[in-house]
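*Asks:* Here is a sequence with its predicted model. Questions after.
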Amino acid sequence: MKEPRLIVNADDLGMSRGITDGIVLAHRYGFVTSASLMTNMPAAEYAVSRLASTPRLGVGVHLNITAGRPLLPAGAVSTLVDASGRFHGAAAMSRKLWQWRVAGDQIEAEFRAQIQWMKERGLVPTHADSHQHMHIYPAAIAPFVRALRSEGIACTRAPRSVAWPRKRGLGSDSIGGPHAGSLTRRVSVRLYRGLLQEVAFRQFDMPQSRISFFSQDRRDLTALGERWKSTFANLPGGTFELACHPGLFERGFSESDPIRLLREEELHWLTDRDWHEALDRRGIRLISYKDLATAENPSRARGPATAEAGVLR
């Protein structure tokens with residue numbers, strides 16, 4: 001039987017100093033193994049400076065087309081920005097991506113610019129994912145694939161989402177997945193994400209799935225904490241990713257952050273010894289995306305030392 005392996009990836013590195021410091025703490029004193037950097041955010045340069053003290057933290061790129069300003073001039077990505085030159089918000093952008101009202105070459109160019117921003121600072125991304133999952137919307141899929149291939153990124157987040165322990169019956173995870181909405185919508189989303197995993201992104205190394213939780217649990221932090229523990233106790237053999245969002249309060253930013261309380265609570269869970277012992281009891285091995293890439297394709301482990309993923313040169 002395969003051993004259970006878990007990538008614990010902290011999203012939003014570089015979004016703010018408080019979030020960046022929280023992720024560093026969750027790695028140094030907890031069980032975060034990986035993080036995803038938002039290169040167009042105000043604290044991105046600060047995040048790069050903090051990474052010098054965390055050489056074992058795998059760092060990928062959190063490609064972003066819904067928050068802040070693009071790295072490219074607004075005129076070069078005109079279908080992605082509003083009149084002020086800022087990215088459209090998540091709700092508006094998701095509609096545009098579903099309706100194909102964006103230019104694919106502009107998405108690809110901005111994605112590549114964000115990846116190259118990392119490389120220019122001596123960081124080679126271990127993997128790529130995206131802020132608010134925009135890369136899995138129809139008009140962004142091909143640009144995302146082209147950008148990763150062009151920039152030599154071999155790993156990406158799994159589109160598939162699964163919850164443990166598995167539930168039975170019509171409202172179960174096994175039928176519709178841990179997605180929101182009616183059973184019809186949940187089944188459709190599950191099939192769509194499975195198609196992305198098996199067809200659109202098949203050339204990349206991915207975990208078997210991303211760990212997810214039912215919407216009612218995500219709205220209740222006490223229930224969500226119990227779901228984390230239950231997941232660790234029931235995780236099967238194979239490789240999975242737990243995406244998380246730890247962070248510290250930062251005056252001037254956190255007051256308007258809709259998931260501020262979640263960030264603080266997750267930082268507590270990730271640095272609490274009892275939670276780490278729950279992983280140990282199940283025999284879960286913590287890995288990063290760098291470990292995933294070399295395990296899936298050992299030849300990558302023999303690359304030049306200067307290109308070690310996620311480590312400052």
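*Replies:* Structure received.
*Asks:* contacts, neighbours, all on C-alpha from now
*Replies:* OK.
*Asks:* Return, as residue ranges, the portions of the stretch 51-200 of the chain with sub-threshold pLDDT.
*Replies:* 167-174, 176 (pLDDT under 70).
*Asks:* all helices for it, in order.
*Replies:* Per DSSP state H, counting those that start in this stretch, the stretch 51-200 of the chain carries helices over the ranges 90-98, 104-120, 138-151, 173-176, 183-195.
*Asks:* And those helices: which comes nearest residue 251?
*Replies:* With CA to CA as the criterion, residue 251 lies closest to helix 90-98 of the helices of the stretch 51-200 of the chain, at 23.8 Å.
*Asks:* ok, and what's touching that closest one?
*Replies:* When contacts are defined by CA atoms under 8 Å, 6 or more residues apart in numbering, helix 90-98 is touched by residues 65, 66, 67, 80, 102, 132, 134, 137, 138, 139, 140.
*Asks:* which one's the longest strand in this structure?
*Replies:* strand 4-13 (DSSP state E).
*Asks:* still on that earlier bit, looking at the contacts of helix 90-98, which one is closest to residue 268?
*Replies:* residue 132 (23.0 Å).
*Asks:* mind listing what that closest one touches?
*Replies:* Counting by CA under 8 Å, 6+ apart, residue 132 has contacts 66, 90.
*Asks:* Distance check, it against residue 239.
*Replies:* 22 Å (CA to CA, to the nearest Å).
*Asks:* re the thing from before, mind putting the helices of the stretch 51-200 of the chain into CSV with distance to residue 73 and mean neighbour count?
*Replies:* Converted to CSV, the helices of the stretch 51-200 of the chain look like this (distance: least, CA to CA, whole Å; neighbours: other CA atoms under 10 Å):
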stretch, distance to residue 73, mean neighbour count
helix 90-98, 18, 16
helix 104-120, 10, 20
helix 138-151, 18, 18
helix 173-176, 41, 19
helix 183-195, 32, 16
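*Asks:* Of all those helices, which one is nearest residue 51?
*Replies:* Nearest of those (CA to CA): helix 104-120, 11.9 Å.
*Asks:* Off-centre distance for that closest one?
*Replies:* 17 Å (CA atoms, centre = their mean, to the nearest Å).
*Asks:* other SSEs contacting that helix?
*Replies:* In terms of contacts (3 or more CA pairs under 8 Å, 6 or more residues apart in numbering; DSSP states H and E), helix 104-120 is packed against strand 58-63, helix 138-151.
*Asks:* Let me have these in CSV, extended by distance to residue 11.
*Replies:* Listed next are the helices and strands packed on helix 104-120 as CSV, based on distance: least, CA to CA, whole Å:
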stretch, distance to residue 11
strand 58-63, 7
helix 138-151, 18
